[in-house]
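**Q** Take this sequence and fold it.
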Amino acid sequence: MAAVEPGGIEFFENHVRPVLVQNCYKCHSEEAGKAKGELLLDTREGLLKGGEAGPTIVPGDPKASLLLKVVSYENEDMQMPPKNKLPDDAIAKLTKWIEMGAPDPRDGKSAEISDKGEFDIAKRKAEHWAWQSVPRDVQPPALDADAGWPRTSIDQFVLARLQQAKLSPSGPASRQTMIRRLYFDLTGLPPTPAEVEAFVSDTSPIAYENLVERLLASPHFGERWGQHWLDLVRFAETRGHEADYPIPQAYRYRNYVVRALNADVPYNDFVVEHVAGDMVKQPRLDPATRENESAKGAGFWHLGEATHSPVDIRGDECNRVHNQIDVYSKAFLGLTMGCARCHDHKFDAISTADYYAFAGYLQSSGYHLKDVADPVAQDSAHKKLAKLRAENETRLVTEYAATVKTRVSRIGDYLPVAAKILNEIPTGEDAPKPADYIASHPTVKAGAEAAKLNTDKLAAWVAYFDKARGSVADPLHGIVKVALGQSRGDSLAAMRKLEADTTAQAKSVKIIETVEEGERNYVKSERDWQAEDMVADYRREQDSGEWFPGGKQFGAGPMKAGSPVFGNDPNRPIMEFNENGAARNDELSTRFSGLIRTRTFGVNGDMLWYRYKGKADVFMAVNSHRQVAGPLHGIVRQKLDSKGDEWKWHGHRVRDYIGFRVHVEFTPRGDFALERVQFGGSEPPVIRPVNSRLAKLLESDTGLAKGLADVFVSAATDLAGGKAGRETAQLLNWVIRHDNLLERPADLGQAVAGFAAYQKQRSDIEKSIPGPSWALTLLDGSGEDEPILVRGNHKSPETKLVPRSFLEALAKREAPSRGSGRMALARRMVDPANPFVSRVVV
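**A** Numbers count the residues shown, from 1 in each chain. Below you'll find the model as predicted:
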C-alpha cells in the first residue's frame, strides 16, 4: 500500500466521501440495507475487499483500480452509477485520492453521514485541550544542571524538553551567524558585507535589540511575512478557471496585508478587518493615502477559484462557500470546519449545524467593489452638504412657489384658443398631421394675433393639447378632453374608471411560474400576486433592515414624496419634485459613488419589474454568483435608460432562476431614481390614480381655464407651507416640464442669485470629495440563514433553517436580528474566551 500523503484524510472527507455518499451508498451500504454485487462501499474494509468483481481499488495505482474503470464508463458491461456518468471533476478527485494511497478514516462500521442527534459537543470539547482556555498561571518547569542557559521563561520550557530527551542546548551563535539569521528570518534578504561588519564591530550592549528593531521597521518585513499569510488565504489575482479571469483590484488586498504587518496592526484588529472590515464604524486609515484600510481586509472573501458559467449554479455556490469556510477556519482557528459540510466532525467539537450556521454569514453578505477613498473626507462633505441643503431648502422652495402664480397667469388666455384651433384641424385620410398643420398653417398665427398671444407659445399649446388628449398618463388628460368638448362628467367618469380598472388589474395580476422539464421546455402555471412579491418599495420609509446602500450616493434613505430635486441651472433651480418616495442617487451630490441593492429574495415568478428613471447598470446576483462570462447567465446583467424625464418600467425575465436566492444591485450611470422592484405578469403593474384637485375642478362649476390656474397656485401654496405630497408634486412637475407654455416671471434676479449662491457653496464642498479608489470588500445585506444540506448535497436541504452563529462549542447560539451579524461574529472570534485565535497565530 502506498504511503498516505499529508492532508489525505481531509481530502477524503472533502472530495471523496461526498461522491460515495451521493452516488453509491443507496445500493452499496449497510445503512441502505443493500450490497449489490456483494459490494459494500461504506467502510474501508468493504472498499478494499470489493465484491463479486474483485477488489474495488488498489491504493496508489489508479490504473489497476476497478472503481475508476467503472465510473469512467470504460467497460460497456459495467458502468456506475448506472443512470448518469460522474462529472469529470469527481472522477479526477477519485483518481487523485487513489494516487494518494486512498486514505480513509472509516472503520469496519457502517459509515454514518447524517446528523441524528448523537453528537455531544460538550463531551467533544472536554476531550481535547485545544478547546480549553489558555491557562494564565503556568509555572516554568524545575531545571537542573544547565539552569544558567535560559534567558527567558520560554527558554526554561525549551531547556526542560531538551533535558527530557537527554539533549544539551547549543552554544551561543556568533555575531556573523546571528545577523544572517535575523535578516533571513525577518526580511528574507541577506545582509550586505558592510552590514555584517557593522554589527560584528558594534560594542553596544543592545546591538542585538537595535538590529531587531531596525529590521522590524523595514518595509521588507511586511513583504517577507505577508507571503505566508497570503499563502494561507490562497491569494491569487485570477480565478483559475479556463480563461483564468482576473479578480479586479486583488492586488489591493495583497498590499493591505503587507502594510498591516509593517504598521504592527494588533492581530485582533487584523482578524476583525478580515471578517467585517466593511462594517468598522471608525476604520483604520492608510497614513499615506487616507484610504479606508479596514474595509480592504474583507477583500479576503473574494479570493479563490470561480467558474464563469456553472450549469448547476447552486451547487457551484455550495462548493465556493465550502472553500471559503475551509480556508477561514484553518487560517484563523486551525480547525477543519469544511469536514462538517456532510457530517458532524469526526473528532473536533464541530457539528454539521455549526457549518451551516456559519454559511449564513456569507449568504447575508454581498461581494462589493467599494470606494475606499478617504472616508473621513467623504463623511465630512456629506454632513456639510446635508446641512447646507437643510438650511436652504425651505428658502429655495418658497422662492420657487412664489413664481408659480405668475407662470400660470395666462393659462386662461391660451387654453380656449388652443382648443379651438385643434378642433378646427381637418380630419380624414388626406388631412395633414396635426404637428405639420400647427407648424405651417396660418390659423395658429391668426389666432395668436386675434387674442394678442405669443404665436410660438400658442403653437406649443396646440401641440401639447394634441399629445395630451391621446395620453392617459398625462395628468391634464381629462382637462384637455373637456377643453376639446367632452363633458366634465364624462371626462371625470373616464378618469375614475381608468383608476379603478388599473388598480383592479394591479391587484389581480397573475404571476407566471414555470417549471423546467427538460432542456428549454417549460410548463407554465399562474398564481395570484402576493405581498411578498413586492421586493423593494421605496415609496415608503425604509428601516435599516430594508435599506442597503453601498457608498454615500443614495444617502440614508429614500427621498420622500414632495421633496425637491435641485439642479445646476440657476434659471431652473428645481429640476422636479419627487412624486413618490424613491431611492435617488442625486439627493446631495452625484460626486459620491455608490449603488443600491435589494434584500435577498427567492425567485418565484417569470418576470421581475423595475420602476425607474435615469440610467443604471443592473446586476442580479444569483446564489452569489458573480463571475459572469461565456454562454450562460448573461441575462443577470441589464442596462436601464429611460431616455428622458419620465418614469418607466423595465421587465427582467428571470424564469431560469425560479427557486434560487438572488439580490439585485443598481449602479447609477448619471442621474437615477428607483421606485419599486416587484414581481409581476407579462405587463407592468401600472396604476393611474386620479389627482383629487383636478377631480374637484371637474366636479365644480368653476371656469376651466381659471380653475386650472387656481389649482396650480393652490399647489404652490401647499409647497410653501411645507405640505407637499404626491399630488402637489405632480402638479408642480407639470409646471416645471411645460415651461415653454407658461409665462416667465419678470423679476427672477433675487431667486437666481439666491440659488447661485447655494450652488457655489455646494460646489465648494463637492471639491473636497476625494475621487474614487476601488477595493474589494463585502456589503452587508439582509439576514439569511441556511438549512442543513443532508450529506452536503444541495439538492437535499432540510426544511429547518440554522440560525447564524459562531461555533456552538465556543459561543452561545444567538442569531443576529438584522444584517449578516459578521461584526458580532468578529467580536466573538477575538474574545479572550476563545482559545483558538491566539493559539493559532503563535
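
**Q** And the pLDDT for A616?
**A** A616 carries a pLDDT score of 97 in this model.

**Q** doesn't it fall inside a helix?
**A** No. Assessed with DSSP: H, G, I helix; E, B strand; the rest coil, A616 is strand; it does not lie in a helix.

**Q** give me the number of residues near it?
**A** Residues contacting A616 under the criterion other Cβ atoms under 10 Å number 27. Yep, even glycine has a C-beta here, placed from its N, CA and C like the rest.

**Q** repeat for V196
**A** When neighbours are defined as other Cβ under 10 Å, V196 has 17 of them.

**Q** Can you tell me the element the spatially closest residue to it that is not a sequence neighbour falls in?
**A** Closest residue to V196 in three dimensions, ignoring its sequence neighbours and counting by Cβ to Cβ, 6 or more residues apart in numbering: I179, at 5.5 Å. Per DSSP states H and E, I179 falls inside helix 175-186.

**Q** Quick check: longest helix in this structure by residues?
**A** Scanning the chain for the longest helix, with DSSP state H as the assignment, gives helix 375-407.

**Q** helices or strands up against that one?
**A** Judged by 3 or more Cβ pairs under 8 Å, 6 or more residues apart in numbering; DSSP states H and E, the packing partners of helix 375-407 are strand 564-569, strand 572-577, helix 704-720, helix 726-737, helix 749-766.

**Q** Just give the nearest non-adjacent residue to the residue nearest the centre of the chain, would you?
**A** Taking Cα atoms, centre = their mean as the criterion, G366 is the residue nearest the geometric centre of the chain, at 3.0 Å. Once flanking residues are discounted, G366 sits nearest to L779: 4.6 Å by Cβ to Cβ, 6+ apart.

**Q** Please name the strands paired to whatever helix or strand that neighbour lives in in the sheet, noting orientation.
**A** According to DSSP H and E, L779 maps onto strand 774-780. Sheet partners assigned to strand 774-780 using DSSP bridges are listed as strand 365-371 (antiparallel).

**Q** Mean confidence (pLDDT) on the strand it pairs with, please.
**A** Confidence over strand 365-371, taken as the mean pLDDT, stands at 96.

**Q** cool, stretch 209-225 as well?
**A** 97.

**Q** Same check on stretch 285-305?
**A** For stretch 285-305, the mean per-residue pLDDT is 96.

**Q** which regions of the chain lie under the pLDDT threshold?
**A** Per-residue confidence for the chain (pLDDT under 70) gives these ranges: 1-6, 77, 108-117, 143-147, 428, 431, 439, 515-523, 544.

**Q** Neighbours of A353, how many?
**A** Burial measure for A353: 22 neighbouring residues, criterion other Cβ under 10 Å.

**Q** Pull the contacting residues for D641.
**A** For D641, the contacting residues are G614, K615, by Cβ atoms under 8 Å, 6 or more residues apart in numbering.

**Q** From S471, how far out is it?
**A** 21 Å (Cβ to Cβ, to the nearest Å).

**Q** still on that earlier bit, what lies in contact with the helix holding I179?
**A** With Cβ under 8 Å, 6+ apart as the test, helix 175-186 has contacts from 173, 189-191, 195-196, 199-200, 208, 211-212, 215-216, 218, 221, 224-225.

**Q** Apply 6 Å and report the result again.
**A** Contacts to helix 175-186, defined as Cβ atoms under 6 Å, 6 or more residues apart in numbering, come from residues L189, P190, P191, V196, F199, V200, L211, L215, F221.

**Q** Would you point out the most distant pair within those residues?
**A** Using Cβ to Cβ, the pair of these lying farthest apart is V200 and F221, separated by 22.3 Å.

**Q** Name the residue in these two with the higher neighbour count.
**A** A count of neighbours by other Cβ under 10 Å puts F221 above the other of V200 and F221, at 19 against 13.

**Q** Would you mark the buried spots in the strand holding L779?
**A** Neighbour-count burial for strand 774-780, with 16 or more other Cβ atoms under 10 Å as criterion, is recorded at A775, L776, T777, L778, L779, D780.

**Q** With distance to E449 as new columns, can those be given to me in JSON lines?
**A** Listed next are those as JSON lines, based on distance: Cβ to Cβ, whole Å:
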{"residue": "A775", "distance to E449": "67"}
{"residue": "L776", "distance to E449": "68"}
{"residue": "T777", "distance to E449": "67"}
{"residue": "L778", "distance to E449": "69"}
{"residue": "L779", "distance to E449": "63"}
{"residue": "D780", "distance to E449": "66"}
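
**Q** State the distance from the residue nearest to the centre of the chain to D780.
**A** In this view, G366 and D780 are 8 Å apart by Cβ to Cβ.
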